[in-house]
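>>> One predicted model, sequence on top.
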Protein chains: 2
Amino acid sequence: MCSCHGPRHRNCHHQPGNKPERFIQPSLLLCLAEKSSYGYELIEQLGSFRLHSGNPDPGAVYRHLRRLEMEGYVESHWETGEAGPAKRMYTITADGISLLKAWAAELEERKAALEEYLHKYQKLTNK
Amino acid sequence: MCSCHGPRHRNCHHQPGNKPERFIQPSLLLCLAEKSSYGYELIEQLGSFRLHSGNPDPGAVYRHLRRLEMEGYVESHWETGEAGPAKRMYTITADGISLLKAWAAELEERKAALEEYLHKYQKLTNK
DNA sequence: TCATCTATATGCTATTAACATATAGATGTT
DNA sequence: AACATCTATATGTTAATAGCATATAGATGA
């Protein structure tokens, strides 16, 4: 029974299924390492990652992008040529590639940590 | 370059290595499914999990335990017989076992999600 | 004209990890 | 006896973030 109530708790964080996603940053970096892109498109791309159940919050994505730029991991410029409203196109920098690499190592470690946990769980249930 | 400064930012969350641990609850449940235990001992046990880099924050552990009890996933009683100060011994309930099972399924899913991400990363770097 | 789609952005709240500190009984040392 | 240390539990505060709501505006189509 979750102690959370009200409209802000449709996705309560206290139960396993309702995960806080902390993977917006590494996902953005991976997408941008593949090709330059912009917020609206990146939102759709992240939506297809298993790490994100459905499209991520647009607000979160735009804020992450601005921050990554402020910190020098990506660069942006306005693209006005194409159809529709102007897009802010983002390109990953060398620092961004380094950060992505660090994320990959970290996520590899987390995978191993999860495997350890699940192994312990298996050992318990097979007793 | 992280925009975080000051004493509260020795462990900045924005960089891969500085992970927020969101695994105290499932770790506690797994330990308690193995055997009844108490806060101080559980802190040490969690410290040996790869999911936790070093001993977790005692405050966090004690609060998690109280909340798990409030929500019916564990039960506790004071143990005064042994040496040292009294211990609040925790025992997992049937609901707690169910919750643990749900956590295991969720962490299995997260492991798969991480594998997907890392596979994409590998594909990129092998180009 | 109006609705809808594309696109970016900001404001607010709840939750949580991290950090700091408080309390107190038990044990060991001089 | 006095004192430090260890065991054990607990609370107060802050910073960071996910999630939700909302604002803005140009482009497209009916």
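Thanks, I have it.

>>> quick one: is stretch A:87-99 near DNA strand C?
Yes - Stretch A:87-99 reaches DNA strand C (C-beta under 7 Å from any atom of the strand) through A:87, A:88, A:89. Glycine gets a C-beta too; all of them are placed from N, C-alpha and C.

>>> measure the nearest residue to the first one once chain neighbours are set aside to residue A:26 for me?
Spelled out, that is residue A:87. Among residues not flanking residue A:87 along the chain, residue A:38 sits closest, at 4.1 Å (C-beta to C-beta, 6 or more residues apart in numbering or on different chains). Distance from residue A:38 to residue A:26, counting by C-beta to C-beta, to the nearest Å: 18 Å.

>>> swap in residue A:35?
According to C-beta to C-beta, residue A:35 stands 16 Å off from residue A:26.

>>> Which of the two has more residues huddled nearby?
Per other C-beta atoms under 10 Å in any protein chain shown, whichever of residue A:35 and residue A:26 has more neighbours is residue A:26, with 21 against 10.

>>> Go ahead and flag the most central residue of chain A.
In chain A, the residue lying closest to the centroid (C-alpha atoms, centre = their mean) is residue A:24, at 1.7 Å.

>>> from what I can see it touches residue A:64, true?
Yes - using C-beta atoms under 8 Å, residue A:24 is in contact with residue A:64, at 5.1 Å.

>>> Residue in chain A with the shortest distance to DNA strand C?
Nearest residue of chain A to DNA strand C, counting by C-beta to the nearest atom of the strand: residue A:59, 2.5 Å away.

>>> Just the closest of the residues of stretch A:87-99 next to DNA strand C to DNA strand D, please.
Nearest to DNA strand D among the residues of stretch A:87-99 next to DNA strand C, counting by C-beta to the nearest atom of the strand, is residue A:87 at 10.7 Å.

>>> how many other residues sit next to the closest one?
18.

>>> Residue A:59 versus that one, what's the distance?
17 Å.

>>> how about the longest helix along chain A, does it reach chain B?
Taking DSSP state H as the criterion, chain A has its longest helix at helix A:94-125. Yes - contact between helix A:94-125 and chain B, assessed by C-beta under 8 Å from any C-beta of the partner chain, occurs at A:99-100, A:102-118, A:120-121, A:124.

>>> And that helix, what's buried?
For helix A:94-125, the neighbour count (16 or more other C-beta atoms under 10 Å in any protein chain shown) marks A:96, A:99-100, A:103-104, A:106-107, A:109-111, A:113-114, A:117-118, A:120-121 as buried.

>>> now it: mean pLDDT?
The pLDDT scores in helix A:94-125 average 93.

>>> can you list the residues of stretch A:87-99 next to DNA strand C in TSV and add distance to residue A:44?
Shown next, in TSV, are the residues of stretch A:87-99 next to DNA strand C (distance: C-beta to C-beta, whole Å):
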residue	distance to residue A:44
A:87	13
A:88	16
A:89	15
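
>>> Pick the one among those residues closest to residue B:30.
Closest approach to residue B:30 among the residues of stretch A:87-99 next to DNA strand C (C-beta to C-beta): residue A:88, at 44.7 Å.

>>> how about that closest one, secondary structure?
strand (DSSP: H, G, I helix; E, B strand; the rest coil).

>>> Show the contacting residues for the nearest residue to it once chain neighbours are set aside.
Leaving aside its sequence neighbours, residue A:88 sits nearest to residue A:76 (C-beta to C-beta, 6+ apart; 5.0 Å). Contact analysis of residue A:76 by C-beta atoms under 8 Å, 6 or more residues apart in numbering or on different chains lists A:65, A:69, A:88, A:89, A:90, A:91.
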